[in-house]
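Novice: Just a sequence and a predicted model for now, questions to come.
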Amino acid sequence: MNLIPRLQKDDDENHDGESGTGTVTRTRTKIKKPSLYRVILLNDDFTPMEFVVHILERFFSKNSEQATQIMLHIHNSGIGECGIFTYEIAETKVTQVMDFAQKHQHPLQRVMEKN
Ligand code: TYC
């Protein structure tokens, strides 16, 4: 599979208006997909359910139904995914969650994992 698009193509690759002389010049740009990271929340016995739902709505743009479903999944299985993001965005979400949980003195824990 060729993932390298040609950005510049000239019929006269020599750029000299003639043929057989001059320098062949091509510009190619490598496109690389960014790595993605999952933000995962862990269950604990102390963080209130409503607080986790609120976090999912506020920082992960879930509606109340989605947020409740994800929270219950974490509550029942111990772990659950909140979203998948590029590195910087995942890191920002993790920081926002931890700051918010700490501010409200809840022991909520999270993991960031390469996809
Ligand atoms: N287990 C918590 C309770 O019963 C609720 C909870 C859900 C906590 C998800 C953390 O990531 C979590 N209050």
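Specialist: Arrived safely.

Novice: Could you tell me what pLDDT the model assigned to the residue nearest to residue 104 when sequence neighbours are not counted?
Specialist: Spatial nearest neighbour of residue 104, chain neighbours left out: residue 51 (6.7 Å); criterion: Cβ to Cβ, 6 or more residues apart in numbering. The C-beta positions use only the backbone N, C-alpha and C, and glycine is treated the same way. On pLDDT, residue 51 comes in at 98.

Novice: What's the local residue count around residue 51?
Specialist: 16 (other Cβ atoms under 10 Å).

Novice: Neighbours of the residue nearest to residue 63 when sequence neighbours are not counted, how many?
Specialist: Of all residues not flanking residue 63 in the chain, residue 57 sits nearest, at 7.2 Å (Cβ to Cβ, 6+ apart). A count of nearby residues for residue 57, using other Cβ under 10 Å, gives 15.

Novice: Are we agreed that residue 57 is in a strand?
Specialist: No: read with DSSP: H, G, I helix; E, B strand; the rest coil, residue 57 is helix and lies in no strand.

Novice: so what's it up against?
Specialist: Taking Cβ atoms under 8 Å, 6 or more residues apart in numbering, we find residue 57 in contact with 63, 64, 67.

Novice: Dump those residues into TSV; add secondary structure as well.
Specialist: Converted to TSV, the contacts of residue 57 look like this (three-state DSSP):
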residue	secondary structure
63	coil
64	helix
67	helix
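
Novice: could those be laid out in TSV, adding neighbour count, distance to the ligand and pLDDT?
Specialist: Listed next are those as TSV, based on neighbours: other Cβ atoms under 10 Å; distance: Cβ to the nearest ligand atom, whole Å; pLDDT from 0 to 100:
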residue	neighbour count	distance to the ligand	pLDDT
63	10	17	98
64	11	15	98
67	21	11	98
